[in-house]
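Undergrad: model this:
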Amino acid sequence: MHKRVMETDPPTPAEDLMIAVERLVRYVRRSAVTGGLSTAASSALSRLGREGPQRLTELARAENVSQPNMTQLVTRMERAGLVRRTADHSDGRGVLVEATDDGLDVFRRRRAERADALHRLIEDLTEPEQRAVRVALPALARVIDDRHSRS
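TA: Numbers count the residues shown, from 1 in each chain. Now for the predicted structure:
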């Protein structure tokens with residue numbers, strides 16, 4: 001019978017962190033229920049809410065999906081009134097995808113639901129654990145941003 005490495009070898013600190021982050025992300029994502037969005041729709045709407053209008057090709061690349069898949073997703077979100085396509089004034093042939101007011105409302109409400117879920121988790125930590133989270137997570141985010149800006 002085939003045994004997985006994780007069953008026989010003790011996890012490394014990086015593996016422990018990876019497992020914790022995966023569980024945290026799943027927990028926080030499940031807490032956002034407004035709009036009943038799929039993970040893909042939620043992610044695309046969040047990107048548009050944070051970064052503003054984008055070309056469909058840019059959005060597909062940023063979300064790591066094919067352009068045909070993003071086109072289908074945007075069409076479904078457009079039918080739901082969450083996004084709209086507008087002319088790209090910098091390129092008359094181009095089209096931008098932007099969140100509608102309803103889409104931005106859903107984005108903000110989902111973000112608040114996720115923040116509330118995270119807040120409840122942090123409240124259950126001891127004070128030293130809370131301090132560690134407040135230091136470690138922004139530090140990891142900074143390193144990610146630094147690596148992203150170098151690439």
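Undergrad: quick check: pLDDT value at Leu104.
TA: Looking at Leu104, its pLDDT reads 98.
Undergrad: wait, it touches Gly52, no?
TA: No. Using C-beta atoms under 8 Å, Leu104 is not in contact with Gly52; the gap is 10.5 Å. All C-beta spots, glycine's among them, are computed from the backbone N, C-alpha and C.
Undergrad: of the two, which one has the most company?
TA: Shown here are Leu104 and Gly52; by other C-beta atoms under 10 Å, Leu104 has more neighbours (16 against 10).
Undergrad: the residue nearest to the spatial centre of the chain: which element?
TA: For the chain, the residue sitting closest to the mean C-alpha position, by C-alpha atoms, centre = their mean, is Ser43 at 4.7 Å. Assigned by DSSP states H and E, Ser43 belongs to helix 39-51.
Undergrad: buried sites along that helix?
TA: Ala40, Ala41, Ser42, Ser43, Ala44, Leu45, Ser46, Arg47, Leu48, Gly49 (16 or more other C-beta atoms under 10 Å).
Undergrad: mind checking how far the fourth one is from Ala20?
TA: In other words, Ser43. Per C-beta to C-beta, to the nearest Å, Ser43 is found 21 Å from Ala20.
Undergrad: and for the second one?
TA: According to C-beta to C-beta, Ala41 and Ala20 sit 26 Å apart.
Undergrad: show me where the chain has its helices.
TA: Secondary structure of the chain, counting by DSSP state H: helices at 5-8, 13-31, 39-51, 56-62, 67-79, 101-123, 127-150.
Undergrad: ranking these by mean pLDDT, which is last?
TA: helix 5-8 (a mean of 60).
Undergrad: so which of the helices of the chain comes closest to His89?
TA: His89 lies closest to helix 56-62 among those, at 15.7 Å (C-beta to C-beta).
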